[in-house]
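>>> Sequence first, predicted coordinates after that:
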Amino acid sequence: MDSCSKSLRDSSPFDCLLFDLDETLYPSALGIGQATKRNIDDFLVEKCGFPVTQAPTLRIFTNSDWNHAMKALDRLGIRDCFEKIICFETFNPNLSKSTRPDEFPVVLKPSQEAFRIAIDVAEIDPRRTLFLDDSLRNVAAGKALGLRTAMVGKSGKFKEADYALENINSLAQAIPEIWFGEGENENHRLSGTRSQIEPVLATASVGA
């Protein structure tokens, strides 16, 4: 870990970033095309330096099943960026053993049970975790359990969300404290060398 990455992580209020998958990491209506793959790959891997220990740990939290999550992350080329995948099978481990449809209730976001399971499985402190989702209901549920929350896909202010961003590519602009820490003024943010901060600030230029 270089000194810049370590100092950014030490000052960040977040130990973990918890991402929804569909419509958050990529626009599923457009499919998983090469351009989308390139955007997310550049943003998460090259620009922000997320792999290994250079940033808050990353986890996927989706209602999709394991196969869909793996297929999407593999096609995006970012599967190795995520420490844990929390998916349909995580919430519903006993469904495969059921002998009748109503034997086990199905657990999905935005139920609080799904969030409790995710928090437990991911081994995270909700107060130091940023949850990013495109559903306001999911964001509200996460907020109710103490997660810091970001609404993806909409701008403006929402009582359910601590942050809002148009798309994942604007993450560095919308939530700079992931890297710089809360309460740091603009002059302090820019006090590092140009070579240290350009990889972070340059994320805004990644095209859609």
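Received, thanks.

>>> use CA for all of it now, contacts and neighbours both
OK.

>>> list the buried ones in the helix or strand containing Leu73?
Leu73 belongs to helix 66-76 when assigned by DSSP states H and E. Judged by neighbour count (16 or more other C-alpha atoms under 10 Å), helix 66-76 contains these buried residues: Trp66, Ala69, Ala72, Leu73, Leu76.

>>> Going by distance to Leu58, which of these wins?
Leu73 (12.7 Å; C-alpha to C-alpha).

>>> burial measure for the closest residue in space to the closest one that isn't next to it in sequence, as a count.
Using C-alpha to C-alpha, 6 or more residues apart in numbering and skipping residues adjacent in sequence, the residue nearest Leu73 is Arg79, 4.8 Å away. Look at Arg79: counted by other C-alpha atoms under 10 Å, it has 17 neighbours.

>>> so what pLDDT did Arg79 get?
The per-residue pLDDT reported for Arg79 equals 90.

>>> Check Pro110 too.
95.

>>> what about it, is that helix, strand or coil?
coil (DSSP: H, G, I helix; E, B strand; the rest coil).

>>> re the thing from before, of the buried residues of helix 66-76, the lowest pLDDT goes to which?
Leu76 (84).

>>> can I get the buried residues of helix 66-76 in TSV with distance to Thr57?
Formatted as TSV, those follow (distance: C-alpha to C-alpha, whole Å):
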residue	distance to Thr57
Trp66	20
Ala69	18
Ala72	19
Leu73	16
Leu76	18
